[in-house]
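**Student:** model the structure of this input:
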Amino acid sequence: MKITVKKPQAYRHNPAANNAPTDMRRRRYLILLAAAHLAAISAKPFANKAIANVADKSNLPSANNSQQWWVSAQGKDDDNYSLAWLNQSLSNLQKTITGFRGHGVIQHPKNPYSILFIARRPGTTGLQINLLSGEIEKRFECQHSRHMEGHACFSKDGLVLFTSESDFKNGVGKIVVRDSHSYQVLDEYNSHGIGPHEIKPMPDGQTLVIANGGLRTHPSSGRKVLNLDSMHSTLTYINTATGELIEEHQVAHRKASIRHLDVASDGTVAIAMQIQQAEMADQNPTSLSAIHLQRQAIKLLPQPSAILRKLNDYLGSVAINNQYRTVGFTSPRGNVAVFWQMDEQRFIGYHALHDVCGLAVSPDQRYFVLSNSNGEIRQLDSKTLTEATHLRCKIPNAHWDNHLLSVAVPIPESKRESISGNLS
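**Tutor:** Residues are numbered from 1 along each chain as shown. Okay, the predicted model is just below:
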């Protein structure tokens, strides 16, 4: 197996770029929104809603001229923390050393070769890394008294980036709005909660859903939770143009921290939670997975008691397969991935894998893809949940981190013939 490692290049960061007055940043953001609106109303109307929903992905590659890659933060120490990616032939692992531990990774909607790598809490850095060259193309930092919460997402039109951050001085969650090209700060919203973690755009393109974990931390004490006695986790929806709160929801369990989420094409939100059980007098296990539709209550997903106990109060990732309307969750503490049929809210199966946390759906929707800290990749048939054992692989000296991203990357014309030969 070929393994390529890129060392980070020196990058000159201009801290003054993020210090523009708030009203000036807001004006720049409104200009971007106005440009997007003009482009939308000048375009020809789409024939149906399904086509309109994918219109913003026009820059992403078609299946015929693309290759699937699996991308994740990886590593176990400062010398090896990196972004790593593996192609569908399972033969070419590449990685770029980052110097800090990452968490969430997302593909840039305007440049499918570029991946954003977001620091794990309480880190302060985001990187844009090119999958073809392995180079760090851009770097951005949090503003003063802020730290990253590990996740980010782009707006549906790709014009802006939203990062989940915390104002650790005042103990409040923030959604920071950045230009998707320069990553300069354009605006800042309240997350309407504490410790916002994973965030995703809703299908309407005007709403952002936020998993407010409710856990307050401070860089001076690392990742220690400072408010276990008063923690308050919420699921919030905000307007992407104004930051206005649209809806707020919570689950009955007081120590349930809503951490991760995914959004189906119809707007169904799947929620993965973690229970701060050490603070509970009642040690009975409780459901960690749920689904939500706007203007309704959060619905916990039923599961066999044996599976519930095995999850050990912790879910790490969640991913929805839109073709089969199934949703998967991983539990690294329970060494298992679990799956439900969303519409029927029916438990349909599990797959055991040591320390499994990464979970993605392949771009063609055929597989759920799992990863773990031992460098393993496994693929389960999305319909039957049967593992495609011939696709199983284990990468020596690789340690996949919490989240896995499955992307389609265009194949350069000069390499299409050789790559096709390697895959045959």
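**Student:** give me the three-state assignment for Ile307.
**Tutor:** The local conformation at Ile307, judged by DSSP: H, G, I helix; E, B strand; the rest coil, is helix.
**Student:** ok, it - contacts?
**Tutor:** Residues near Ile307 by CB atoms under 8 Å, 6 or more residues apart in numbering: Val336, Val338, Phe347, Tyr350. All C-beta atoms are positioned from the backbone trio N, CA, C, and that covers glycine.
**Student:** next SSE downstream of the helix or strand of the chain with the lowest mean pLDDT?
**Tutor:** Here the helix or strand of the chain ranked lowest by mean pLDDT, DSSP states H and E is helix 49-53, holding a mean of 28. For helix 49-53, the following helix or strand on the C-terminal side (DSSP states H and E) is strand 66-74.
**Student:** tilt between the very next helix or strand once past that following strand and strand 66-74?
**Tutor:** Using DSSP H and E, the helix or strand that follows strand 66-74 towards the C-terminus is strand 82-87. Strand 82-87 runs at 150 degrees relative to strand 66-74, counting by axes from the mean of the first three to the mean of the last three CA atoms, to 10 degrees.
**Student:** distance from strand 82-87 to the middle of the chain?
**Tutor:** 16 Å (CA atoms, centre = their mean, to the nearest Å).
**Student:** strand partners (parallel or antiparallel) of the helix or strand that that strand is followed by?
**Tutor:** Where DSSP H and E defines the elements, the next helix or strand beyond strand 82-87 is strand 92-97. Paired with strand 92-97 in the same sheet, following DSSP bridges, are strand 2-6 (parallel), strand 82-87 (antiparallel).
**Student:** just the ones of the contacts of Ile307 in strands?
**Tutor:** Taking DSSP state E, the ones among those that sit in strands are Val336, Val338, Phe347, Tyr350.
**Student:** from the centroid of this structure, which residue is nearest?
**Tutor:** Gly104 (4.9 Å; CA atoms, centre = their mean).
**Student:** can you tell me which residues contact it?
**Tutor:** Neighbour list for Gly104: Ile118, Gly150, His151, Ala152, Glu198, His403 [criterion: CB under 8 Å, 6+ apart].
**Student:** which SS state does Gly134 fall under?
**Tutor:** coil.
**Student:** look up phi and psi at Gly193.
**Tutor:** Dihedral angles of Gly193 (phi, psi; degrees, to the nearest 10) stand at phi -180, psi -170.
**Student:** how near is Leu385 to Val338?
**Tutor:** 10 Å (CB to CB, to the nearest Å).
**Student:** what do these two both touch?
**Tutor:** Gly349.
**Student:** looking at these two now, which is surrounded by more residues?
**Tutor:** Val338 (25 against 17; other CB atoms under 10 Å).
**Student:** just checking, Leu132 touches Pro112?
**Tutor:** No: between Leu132 and Pro112 there is no contact under CB atoms under 8 Å: 10.3 Å.
**Student:** which residues touch Tyr189?
**Tutor:** With CB under 8 Å, 6+ apart, Tyr189 has these contacts: Lys174, Ile175, Val176, Val177, Ile238, Thr242, Gly243.
**Student:** can you do 10 Å?
**Tutor:** Neighbouring residues of Tyr189 by CB atoms under 10 Å, 6 or more residues apart in numbering: 162, 173-177, 196, 208, 210, 238-245.
**Student:** of those residues, buried ones?
**Tutor:** Buried by 16 or more other CB atoms under 10 Å: 162, 173-177, 196, 208, 210, 238, 240-241, 243, 245, out of the contacts of Tyr189.
**Student:** among those residues, which ones are in strands?
**Tutor:** Phe162, Gly173, Lys174, Ile175, Val176, Val177, Pro196, Leu208, Ile210, Ile238, Leu245.
**Student:** where's the residue nearest to the fifth one when sequence neighbours are not counted relative to Ile210, distance?
**Tutor:** Think Val176. Spatially, and ignoring its direct neighbours in sequence, Val176 is nearest to Thr163 (4.8 Å; CB to CB, 6 or more residues apart in numbering). To Ile210, Thr163 is 12 Å away according to CB to CB.
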